[in-house]
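Undergrad: Below are the sequence and a predicted model; questions follow.
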Amino acid sequence: MFKKDAVKLGIAPIAWTNDDMPELGGENTFEQCISEMALAGFTGSEVGNKYPRDTKVLKKALELRNLQIASAWFSAFLTTKPLEETVNEFIKHRDFLYEMGAKVIVVSEQGHSIQGKMDLPIFDAKPVFTTEEWEKLARGLEKLGRLASEKEMKIVYHHHMGTGVQTTEEIDRLMEMTDPDLVYLLFDTGHLTFSGENPEKILRKYVNRIKHVHLKDVRKDVFERVKKEKMSFLNAVKEGVFTVPGDGMIDFEPLFKILDENNYEGWFIVEAEQDPAKANPLEYAIKARKYINEKTGL
Ligand SMILES: O=C1C[C@@H](O)[C@H](O)[C@@H](O)C1=O
Ligand SMILES: [Co+2]
């Protein structure tokens, strides 16, 4: 079973206040969020929109609760903007995370992304990159990977619904086009399932390149409705397509087994965005923590 010092457990603030729709959970404070993370038994977090950006202030608040920063999302625009714009933003983000002690940087290409478009159906309107855009993306990510390694950090690419890297074929293409020593992969169970991919197959193929894991589950009934009613990604989230691991249609046992057998080291981040008015964040955090303990011994 997983070695306790090799795998750390964190939870994302998105269940308390949603970064993509800040009105969802707007009433939940930063202090409440991190206190409840600690209370539920987690030792790490990603960075949400209510977190102070002053590293001293943030460190103090986290240390009081024995929490660490595991990583934070970075939106790249390598396919649609000049490279230097993404690079300049990335350096600021990298330096902030370095100061906070994080080892990995979550990167997602947001050029042409529809993940934030409230009115576009998630299954019909996702972007497809041209050959030229793929080339820009791959070379740009390698550049970000080199910048990360200057600080002994890694970039982990986040495949995501509504973006140009969502499907198995797109993940394969990105992995083939990039240097495995510069561009690593983030494994998000919820996005792969939502997209109709086979998470187990992808995990087996890339387990040695996966350096960060987002754990979320998918509610089957909502997922079916999202397709039928042609919902957007954000409306699907509001309707409750995602939930905590163990509460939906994903079988996590084989996934934990593959990670364990391959000596995965790094963070497991519970990242189950849903409407906090319908799903109490503390209650769901405790539910997730118990489930992970039952299945992994962690
Ligand atoms: O890692 C993530 C960050 C969120 O902002 C995003 O929309 C969510 O779905 C996700 O997986
Ligand atoms: Co994620």
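TA: On my side now, so go ahead. Ligands and ions are numbered 1, 2, ... in the order given.

Undergrad: hey, let's count contacts and neighbours off CA atoms from now on
TA: Fine.

Undergrad: quick one: what helix or strand has the closest residue to residue 73 other than its chain neighbours in it?
TA: Distances taken as C-alpha to C-alpha, 6 or more residues apart in numbering put residue 106 closest to residue 73, at 4.8 Å, once the chain neighbours are dropped. Using DSSP states H and E, residue 106 sits within strand 104-109.

Undergrad: Residue 260 and residue 240: what is the separation?
TA: Counting by C-alpha to C-alpha, to the nearest Å, the gap from residue 260 to residue 240 is 30 Å.

Undergrad: the more surrounded of the two?
TA: Using other C-alpha atoms under 10 Å, the more surrounded residue of residue 260 and residue 240 is residue 240, with 20 against 16.

Undergrad: distance of residue 232 from residue 226?
TA: Distance from residue 232 to residue 226, by C-alpha to C-alpha: 8 Å.

Undergrad: Kindly report the same for residue 295.
TA: 29 Å.

Undergrad: again, but for residue 169
TA: 23 Å.

Undergrad: okay, these two: which has more neighbours?
TA: Neighbour count, other C-alpha under 10 Å: between residue 169 and residue 226, residue 226 has more, with 22 against 11.

Undergrad: for the longest helix seen in the chain, packing partners?
TA: In the chain, with assignment by DSSP state H, the single longest helix is helix 131-149. In terms of contacts (3 or more C-alpha pairs under 8 Å, 6 or more residues apart in numbering; DSSP states H and E), helix 131-149 is packed against helix 83-99, strand 154-158, helix 168-177, strand 183-188.

Undergrad: and the ones you listed as a markdown table, adding distance to residue 123 and mean pLDDT?
TA: Putting the helices and strands packed on helix 131-149 into a markdown table (distance: least, C-alpha to C-alpha, whole Å; pLDDT from 0 to 100) gives the following:
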| stretch | distance to residue 123 | mean pLDDT |
| --- | --- | --- |
| helix 83-99 | 27 | 98 |
| strand 154-158 | 18 | 99 |
| helix 168-177 | 15 | 99 |
| strand 183-188 | 18 | 99 |
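
Undergrad: With respect to burial, which of those scores highest?
TA: strand 154-158 (a mean of 27; mean count of other C-alpha atoms under 10 Å).

Undergrad: neighbouring contacts of stretch 24-40?
TA: 11, 13, 15-18, 43, 45, 50-51, 61-62, 65-67, 275-277, 282, 285-286, 289 (C-alpha atoms under 8 Å, 6 or more residues apart in numbering).

Undergrad: how about 7 Å then?
TA: Outside stretch 24-40, the residues within contact range by C-alpha atoms under 7 Å, 6 or more residues apart in numbering are 11, 13, 16-18, 50-51, 65, 67, 275-276, 282, 285-286, 289.

Undergrad: Alright, I will stop here.
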